[in-house]
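K.L.:
Quick one, structure for this:
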Amino acid sequence: MEMTKEQLELITNQLATIKERSPFYAKKFEGIDVTDVRTQADFEKLPFSEKDDLRAVYPLGLQAVPDEEVVRIHSSSGTTGTPVIIPYTQQDVTDWAVQFARCYETAGITNTDRIQITPGYGLWTAGIGFQLGAERLGAMAIPMGPGNTEKQLKFMRDFGTDTIVATPSYCLYLAESARERAEEFPLGQYRLKLGLLGSEGCTPEMRDQIEQSWGGGFFATDNYGMSELNGPGMSGECRERCGLHINEDHFLCEIIDSKTGEILPSGETGELVVTNLTKRGI
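P.N.:
Now for the predicted structure:
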């Protein structure tokens with residue numbers, strides 16, 4: 001993938017002060033004059049940061065700004081090891097909201113929609129990320145959080161929820177639960193038309209099952225992100241469903257050969273490497 005002029009400019013601006021701002025990158029780029037990076041080829045010579053590198057500096061070793069600029073932290077789940085702690089500046093939070101609002105718009109959502117948010121809040125980025133985007137877009141956010149399926153279904157009926165944010169497995173469980181209660185609450189009482197799914201893998205077969213379970217023209221899209229990339233909102237699907245649309249003014253995506261580290265041409269299968277272009281907290 002060829003880097004744009006704008007992406008290269010953002011990268012060189014970050015590198016100009018990265019060693020002074022970040023002990024993590026001062027160590028990562030020890031012995032390298034990062035101000036010499038002027039082309040994509042120069043950039044591709046820099047070493048990668050891997051998950052173990054990020055875990056090794058727990059709790060706040062990734063922080064690249066003074067404490068007074070940090071307004072929030074989020075964390076990876078830590079289910080496979082030490083959690084990764086991500087500090088956010090106010091501009092990071094604003095940028096994240098903009099990125100997420102774009103994902104909503106890409107899926108076809110407007111400020112007249114009502115979005116029920118079922119992922120968890122708190123240190124996890126999912127719930128609050130989806131809410132930030134909804135508020136930025138001007139849509140009505142219904143911040144339910146996880147679980148309490150009876151209440152989830154009641155609010156969907158009572159408030160006319162038309163968009164559901166959920167993991168694929170919970171979206172399917174909600175549909176199955178609604179069908180089990182269809183004698184008392186017919187499926188016609190639900191206005192649901194769109195699902196933004198994420199945080200889990202979802203095969204085409206599972207997505208078909210979810211859509212068929214909800215019926216009535218329900219349509220599901222995939223969304224991708226992770227804590228190190230602000231959270232969900234890095235990219236999302238449109239109704240054509242032929243790939244995720246990436247916020248390329250905030251992220252550079254490359255596909256590499258996992259064995260050699262070499263950049264692969266467009267259309268090849270390999271390992272995804274993402275570079276934050278605008279993140280300030282790390």
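K.L.:
Quick check: which element contains the spatially most central residue of the chain?
P.N.:
Of all residues in the chain, the one closest to the mean position by CA atoms, centre = their mean is Pro232, 1.5 Å from it. If you go by DSSP states H and E, Pro232 is part of strand 231-237.
K.L.:
now that strand: how far from the chain's centre is it?
P.N.:
4 Å (CA atoms, centre = their mean, to the nearest Å).
K.L.:
Show me what the residue nearest to the centre of the chain is bridged to.
P.N.:
When assigned by DSSP bridges, Pro232 has beta-bridge partners Gly225.
K.L.:
what comes into contact with the strand holding Pro232?
P.N.:
By CB atoms under 8 Å, 6 or more residues apart in numbering, the residues outside strand 231-237 that reach it are 74, 96, 99-100, 102-104, 106-107, 125-126, 128-130, 132-133, 196, 198-199, 221-226, 243-247, 250-251, 274. Just so you know, the C-beta spots here come from the backbone N, C-alpha and C atoms, and that holds for glycine as well.
K.L.:
Restricted to helices, list those residues.
P.N.:
Among these, the members found in helices (DSSP state H) are 96, 99-100, 102-104, 106-107, 126, 128-130, 132-133.
K.L.:
Which two among those residues are spaced furthest apart?
P.N.:
Using CB to CB, the ones in helices among the contacts of strand 231-237 span at most 19.9 Å, a distance reached by Thr106 and Ile128.
K.L.:
okay, those two: which has more neighbours?
P.N.:
Ile128 (21 against 18; other CB atoms under 10 Å).
K.L.:
Without its sequence neighbours, what residue ends up closest to that one?
P.N.:
Leaving aside its sequence neighbours, Ile128 sits nearest to Tyr121 (CB to CB, 6 or more residues apart in numbering; 5.4 Å).
K.L.:
One more: Thr112?
P.N.:
Ranked by CB to CB, 6+ apart and with sequence neighbours excluded, the top spatial neighbour of Thr112 is Ala139, at 7.4 Å.
K.L.:
And Leu153, by the same measure?
P.N.:
Residue nearest to Leu153 in three dimensions, not counting chain neighbours: Ala178, with 5.7 Å by CB to CB, 6+ apart.
K.L.:
Show me what the host helix or strand of the one you found is packed up against.
P.N.:
Under the criterion of DSSP H and E, Ala178 resides in helix 168-180. Contact partners of helix 168-180 among helices and strands, from 3 or more CB pairs under 8 Å, 6 or more residues apart in numbering; DSSP states H and E: helix 149-159, strand 163-166, strand 194-197, helix 204-214.
K.L.:
Please repeat the previous calculation with a cut-off of 7 Å.
P.N.:
With contacts taken as 3 or more CB pairs under 7 Å, 6 or more residues apart in numbering; DSSP states H and E, helix 168-180 sits against helix 149-159, strand 194-197, helix 204-214.
K.L.:
what's next to that helix, contact-wise?
P.N.:
The contact list for helix 168-180 (CB atoms under 7 Å, 6 or more residues apart in numbering) reads 118, 149, 152-153, 164, 166, 187, 190, 195, 197, 200, 202, 206, 209-210, 213-214.
K.L.:
got the buried residues for that helix?
P.N.:
By neighbour count with 16 or more other CB atoms under 10 Å, helix 168-180 contains the buried residues 168, 170-175, 178.
K.L.:
Closest one to Ser266 out of those, please.
P.N.:
Pro168 (28.0 Å).
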